[in-house]
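Asker: Got a sequence here, can you model it:
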Amino acid sequence: MPNPILPLWEHIPDGEPRLFGGRVYLYGSHDRPFSDSFCDSLLKVWSTDVSDLSHWRCHGNILLSRPRDGRDADVTWLEDGMLYAPDALQIGDKYYLFAYVFYGRGCVAASDRPEGPFRVLSPYTWGEEEQFPRGVCENGVLVDPGVLLDDDGKLYVYGGFEKSWMAQLNPEKPWQVIPGTYRENVIPAEEPFCFYEAASPRKIGNTYYLVYSPRRGSRLCYATASSPEGPFAYRGVIVDNGAGYPGGNNHGGLVQIGGQWYIFYHRMTNGSVFSRQACAERITILPDGSIPQAEMTSLGFDAALNPYEPVSAHWACVLSGGMVKYLDPLHTVLAGLKDGSVVGYKYFDFGAPGADTPLTLHLEIRGVGESGCIRVLLDDPETGEEIAALPFAGDSRRLTAQTPPVSGRHALYFAVGDGRRPPEWAQADRSRELVQIERFVFTR
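Answerer: The predicted structure is shown next:
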C-alpha cells in the first residue's frame, strides 16, 4: 500500500502502530477534511494482517467525547473535549487505550479485543502529594501519552507539550499514576534535543527509544537510553514530513513487521496543517542502535510503485507549489499547481531492460482555463532526463505523450510551467493556478 497508507478519504494523524495477534493496529487522532482545527470528538482504529499490508480494515469509532449516531459519549466529565493522540497496550488478556482529552483529564479505556469496543475505566488519578505542573499535564491532561510495558512488568507513560515528562502507572489499574514517580524533562527542551511534543516509547533489544517531535515540528527525532528513566542521549532525525513537501507538525511511532522496521508519521492535505493522513517508511536500525534518516517516499509498504497501473496523484511525496486537495470520499487532486511547481513520486519500477519499445504516458488533469506545459523527468526535477512534455490549455482533461523506453527503478517528476520565456516570464503572474492533476498511468 503506497503513502498515504489508508483510503484517501481517511485522515488519521498521530498514528501509534501496535502489533497484536498477527495484525497491525493503528491508533491515532481523527482529523476532518477541510477542518480549521486539529482532531475530532472521536477516535478510530484501523488494522491489517501482517501478511497483507495493502488491505486495511476500519473498526469504526472506538471512543467518543460527544454523543454521535445514537451513541452516548464515553468521556462524560468534560462537555466539549476533543480527543487527541492516543496509545494502546496489551496487559494480560486486556487491551488498554490511553486517551488524551484536550483541555481535560485524560483517561484509560479497556476492551477484550484490540479493536474494541472500549469501555472507559477511569480518568487518570494520582496521590494527593503528586503535583502536575501547569502547562505540562495540568489536571491530569497527560498530553500525548505514549506507554511502555517493560519486561519486569513496570508500566511507564511519557508525554508533554513544550516540556517532557514521564511517570509510572499501576499495571493493575493503569489509570493510576504511582505517587513519587513523576519526572520532568526526561527529554530536554534545549539543544540538541529541542523536545516539543509527540512522545512515543519503544524497547528494542536492551535499548529504550523515545521518538518525539522537536520544536521544528515537521521532523520526528529520537533519543535512546539503557533505562526507561534515562538519561536519554540524542540520536538524530528519523523522518521529516516537510522534506520537499508542505510540512506541518508530526507524530508517529516505530513497529517491526515481518522483520522489517517502519516509522509511522503523517502528511498534510487541503493546504492546511489540519487535515492529516497516515504514512509509513521503511527504516534500518543499525548494530549501534542508530537509525539513518528515512527518505520521504510514495512507497508506504510497497517495494516500488507500478507505473503500469493507475497512479493516484495524491501519492506524491514531493510537492512544491501545490497541495493535495480532498474533493469527496472518492476523489482527490493536486491543486494550486503554478508556474514552477514540481510534483514527485519515489519510486517506480519500470521493469527489466527489453526491446526498444517506447511507452505512452496518459495524464488526467483538470484544466482551469489556463495554458502551459507539464515536463516529465526521471530522477531529478532539474537535471533529470526529460522523457515527455505535455502542453495543456483551457479545460483540458486528458494529456497523452509518447516517451522513450524506460527500465529500472526511477523517481518521476512533473514540472509545471506556463510556457513563457524571458522577458515575458519576468512579467508573468506566477501566483496563479495553472492546472490540477488527478491520476496517470504508463502503457506499453
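
Asker: ok, Gly106 - how many residues close by?
Answerer: Neighbourhood size, Gly106 [other Cβ atoms under 10 Å]: 27. Backbone N, C-alpha and C define where each C-beta goes, glycine included.

Asker: Run through the stretch 251-400 of the chain and note the low-pLDDT ranges.
Answerer: Along the stretch 251-400 of the chain, the model assigns pLDDT under 70 to residues 355.

Asker: low pLDDT regions in the stretch 1-150 of the chain?
Answerer: 128-141.

Asker: can you do 50?
Answerer: Within the stretch 1-150 of the chain, the segments meeting pLDDT under 50 span 135-136.

Asker: residues contacting the residue nearest the centre of the chain?
Answerer: The chain has His266 as the residue nearest its centroid, 1.6 Å off, counting by Cα atoms, centre = their mean. The neighbours of His266, taking Cβ atoms under 8 Å, 6 or more residues apart in numbering as the test, are 12-15, 28, 241, 250-252, 276-279.

Asker: what about it, which helix or strand?
Answerer: When elements are defined using DSSP states H and E, His266 is found to belong to strand 260-269.

Asker: returning to what we had before: for ChimeraX, write the select line for the buried members of the contacts of His266.
Answerer: Buried residues among these (16 or more other Cβ atoms under 10 Å), as a ChimeraX selection:
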select :12,13,14,15,28,241,250,251,252,276,277,278,279
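
Asker: hmm, back to that, quickly run through the sheet partners of the strand holding His266, with directions.
Answerer: Sheet pairing for strand 260-269, assigned by DSSP bridges, gives strand 254-257 (antiparallel), strand 275-283 (antiparallel).

Asker: Of these, which is nearest Leu334?
Answerer: strand 275-283 (14.0 Å; Cβ to Cβ).

Asker: Could I get the CA-only coordinates of the closest one as CSV?
Answerer: Taking C-alpha atoms only, strand 275-283 is exported to CSV below (Å, rounded to 0.1, in the frame of the first residue of the first chain):
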residue,chain,number,x,y,z
SER,A,275,-6.3,17.5,7.6
ARG,A,276,-3.5,14.9,8.0
GLN,A,277,-3.1,11.4,6.6
ALA,A,278,-1.1,8.4,7.9
CYS,A,279,2.1,7.3,6.1
ALA,A,280,4.9,4.9,6.8
GLU,A,281,8.5,4.5,5.7
ARG,A,282,10.9,1.6,5.9
ILE,A,283,13.8,2.2,8.3
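
Asker: gap between that strand and the chain center?
Answerer: Taking the mean of its C-alpha atoms, strand 275-283 sits 3 Å from the chain's own mean (Cα atoms, centre = their mean, to the nearest Å).

Asker: helix or strand right after that strand?
Answerer: Heading C-terminal from strand 275-283 (DSSP H and E), you reach strand 311-312.

Asker: contacts for that next one?
Answerer: With Cβ under 8 Å, 6+ apart, strand 311-312 has contacts from 8, 305, 332, 345, 439-441.

Asker: ok, of these, which come out buried?
Answerer: Buried among the contacts of strand 311-312 by 16+ other Cβ under 10 Å: 8, 305, 332, 345, 439-440.

Asker: Now Pro192, what are its backbone angles?
Answerer: The phi/psi pair for Pro192 (degrees, to the nearest 10) reads phi -90, psi 0.
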